[in-house]
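Q: Here's my sequence, what's the structure:
(2 chains)
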Amino acid sequence: MARRVLPGFGLSLGFVLTWLGLIVLLPLAALALKASGIGFGGLWTMVTTPAVLAALKLSFGAAVLSAVINAIAGLLVAWVLVRYSFPGRRFFDALVDLPFALPTAVAGIALTALYAPKGWIGALLAPLGIKVAFTPLGVLIAMVFVGFPFVVRTLQPVLESLDRDIEEAATSLGASRWQTFTRVLFPLLLPALLTGFALALARAVGEYGSVIFIAGNIPMKSEILPLVIVKQLEQFKYADAAAVGIVMLALSFLLLLAISLLQRWSRRWAER
Amino acid sequence: MSMSLRQTLLGSLLWLGAIGAQAADVSLLNVSYDPTRELYKDINAAFAEQYKKDKGDSVTVNASHGGSGKQARSVIDGLEADVVTLALAYDIDAIAEKGLVAADWQKRLPHNSTPYTSTIVFLVRKGNPKGIKDWNDLIKPGVEVITPNPKTSGGARWNYLAAWGYALRQPGGNDAKAKEFVAALFKNVPVLDTGARGSTTTFVQRGIGDVLLAWENEALLARQELGKDEFEIVAPSISILAEPPIALVDKVADKHGTRAVAEAYLKFLYTPAAQDIAGKHYYRPYDEKAAAKYASVFPKVNTFTIDAEFGGWKKAQATHFADGGVFDQLNVGK
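A: Predicted structure coming up:
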């Protein structure tokens, strides 16, 4: 075998493979094994019940929407934090990470306290006929909260590394400011933006702790998919719970795959 | 190649080596449900003192608390509980099905292996503004009822069955009428929290709802802790006898060699001393002296049992709470 330039390839590969195996593949294999208990037919009947379908729609619908909101808001926040200097910038920058640091249950309780009909924000919205807590809108807000840091943190390093020269070049070649952004900057940011979008989406789909307090959990109306899993577990139906988990996993995988294809395409487009 | 392979294996071994030996646990573990935290803190101390006096040995009882169903799953999945003290027999039945507890567990101790009981009552806001007196007031339009989800909360299953039993006992009551009644009740529920403590928070802290369906001990505790001026307890004309049972986990106790201590612990729950502690923590004691002492705390409620009314937990669970069961047919969100 040819000697590599960098030493320690075998050692580190073994380390990585074992780590991935233990941390990622083993639990997933256990999940698949549990789910195999009900067979494909059982899985299909289970997943196509109206309550599960409604939960599926809510979980993935709200997650995609929350990721879109986070992508737009996150781009703006990252842009402001990187491009402008203003008093308190470091403070605001540190704030971005808070949704990561907070235990999700605490976040859920705080959001519910704010948005409940008698909470600070909920009380203002109630006269307008807007209900947030215990409705699908509440689910969306909790998902936006937990997914927020991902887009900002993936965009920041890319924005920081962007050379101002290319903007100046674009301007000197007669591009308007809008054209500079849409034609020059945005394509360069798109791959990172998609990564952030994918991370925020994945987090939102699987989120339980913060969403569960604000969701209301009414069947067919505000029940999220992870709650469906918990309901199966409460009946000691491990196989059914695992089956819903597998379906979630498969759908998430497809979504992430689509995003990563999109990313490759956008990267190639940006390089052109 | 072989060199590289050996290194690869070495990398793997680094991880395996890090998985160390486990320390043996020698104390008694009582896996219980959520609202018994304060109760068992007192009981465990009293038992340790009593055991030291009787046998001269010191024993530490550790308690683990959480949702009843989740706790049962932990025991099934290998949490080494010497005894379990849960919210409903169904959860201990599930453990027994895995062979950890003897199948006849409920016959081994007095009163269906239930040392203390409770019932389902209503907690309403001060002055009872909606005039809630009995179960039929809960289905009136404009009344908001707070209860956890019967699919995820053992406590909520007691609530549901209490309402069902009430409807059955009304003139002309039958299963169809009861189903209609319970469906109407759940139409008035704006939030289905996953557990009983969550519902209490929704009602008490968030100020949502007109009435909270709660275990009597929880309602009394909430009123005690959060102000007698803010809430009132309303006892319905009839309710269910909530029986939170206890059991020795045979497999674990034998493995730990703690069967004798664990059995002594469970029997201790029936002694006057422990019964008095139960009464102090708002559980209804069986012991006559303790019952008389705390009689003024508990409102008068006529109760029916799950065995008489529903043919036991297994049957009630299969009929009402399993997938596609009666609760699913209520179309709560529609």
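
Q: show me where the stretch 201-334 of chain B has helices.
A: Secondary structure of the stretch 201-334 of chain B by DSSP state H, counting those that start in this stretch: the helices cover B:216-226, B:250-256, B:259-268, B:272-280, B:288-293, B:306-310, B:313-316, B:326-329.

Q: Any idea which of those gets closest to A:G39?
A: Each of the helices of the stretch 201-334 of chain B was checked against A:G39 via CB to CB, and the shortest separation belongs to helix B:326-329, namely 21.8 Å. From N, CA and C alone the C-beta is placed, and that goes for glycine too.

Q: From the chain's centroid, how far away is the closest one?
A: What separates the centre of helix B:326-329 from the centre of its chain is 22 Å, taken as CA atoms, centre = their mean, to the nearest Å.

Q: State the mean pLDDT of that helix.
A: Averaging the model's pLDDT scores along helix B:326-329 yields 93.

Q: mind checking how far B:A167 is from chain A?
A: Separation of B:A167 from chain A (CB to the nearest CB, to the nearest Å) stands at 21 Å.

Q: picking up where we left off before, using a markdown table, please lay out the helices of the stretch 201-334 of chain B together with distance to chain A and mean neighbour count.
A: Written out in a markdown table, the entries for those read as follows (distance: least, CB to the nearest CB, whole Å; neighbours: other CB atoms under 10 Å in any protein chain shown):
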| stretch | distance to chain A | mean neighbour count |
| --- | --- | --- |
| helix B:216-226 | 16 | 19 |
| helix B:250-256 | 17 | 18 |
| helix B:259-268 | 24 | 18 |
| helix B:272-280 | 27 | 20 |
| helix B:288-293 | 33 | 14 |
| helix B:306-310 | 17 | 18 |
| helix B:313-316 | 12 | 18 |
| helix B:326-329 | 7 | 18 |
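
Q: So which residues on the stretch 101-250 of chain B come close to chain A?
A: Selection of the stretch 101-250 of chain B residues close to chain A by CB under 8 Å from any CB of the partner chain yields B:149, B:151-153, B:189-194, B:198, B:201, B:205-208.

Q: Next, give me the two most distant ones among those residues.
A: For those, the farthest-apart pair by CB to CB is B:K151 and B:G207; their separation is 25.5 Å.

Q: more crowded one of those two?
A: Just comparing B:K151 and B:G207: by other CB atoms under 10 Å in any protein chain shown the higher neighbour count belongs to B:K151, 27 against 12.

Q: For the residue lying closest to the more buried one once chain neighbours are set aside, give me its contacts.
A: Spatial nearest neighbour of B:K151, excluding adjacent residues (CB to CB, 6 or more residues apart in numbering or on different chains): A:K231 at 4.5 Å. Listed by CB atoms under 8 Å, 6 or more residues apart in numbering or on different chains, the contact set of A:K231 reads B:149, B:151-152.

Q: For the stretch 151-272 of chain A, just list every one of the helices.
A: If DSSP H, counting those that start in this stretch is used as the criterion, the helices of the stretch 151-272 of chain A fall at A:164-172, A:177-179, A:186-206, A:209-215, A:225-234, A:238-271.

Q: Closest to the centroid, which residue in the chain?
A: Looking at chain A here, since you left the chain open. By CA atoms, centre = their mean, chain A has its centre lying nearest to A:A200, at 1.9 Å.

Q: you looked at the wrong chain, it should be chain B
A: Here the mean C-alpha position of chain B is nearest to the C-alpha of B:A87 (CA atoms, centre = their mean), at a distance of 2.1 Å.

Q: got a list of what A:T112 touches?
A: The neighbours of A:T112, taking CB under 8 Å, 6+ apart as the test, are A:119, A:133, A:138, A:213-214, B:206.

Q: would you turn those residues into TSV with pLDDT and distance to B:A222?
A: Formatted as TSV, the contacts of A:T112 follow (pLDDT from 0 to 100; distance: CB to CB, whole Å):
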residue	pLDDT	distance to B:A222
A:G119	89	20
A:A133	90	21
A:G138	95	25
A:F213	90	18
A:I214	92	22
B:R206	86	14
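
Q: could the residues you listed go into CSV alongside neighbour count and distance to B:T114?
A: Putting the contacts of A:T112 into CSV (neighbours: other CB atoms under 10 Å in any protein chain shown; distance: CB to CB, whole Å) gives the following:
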residue, neighbour count, distance to B:T114
A:G119, 20, 40
A:A133, 30, 37
A:G138, 25, 39
A:F213, 30, 32
A:I214, 31, 36
B:R206, 22, 33
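
Q: Do me a favour and average the pLDDT over stretch A:11-18.
A: Average pLDDT, stretch A:11-18: 92.

Q: Just the buried residues of stretch A:150-166, please?
A: Residues A:150-156, A:158-159, A:162 are the ones in stretch A:150-166 that count as buried (16 or more other CB atoms under 10 Å in any protein chain shown).
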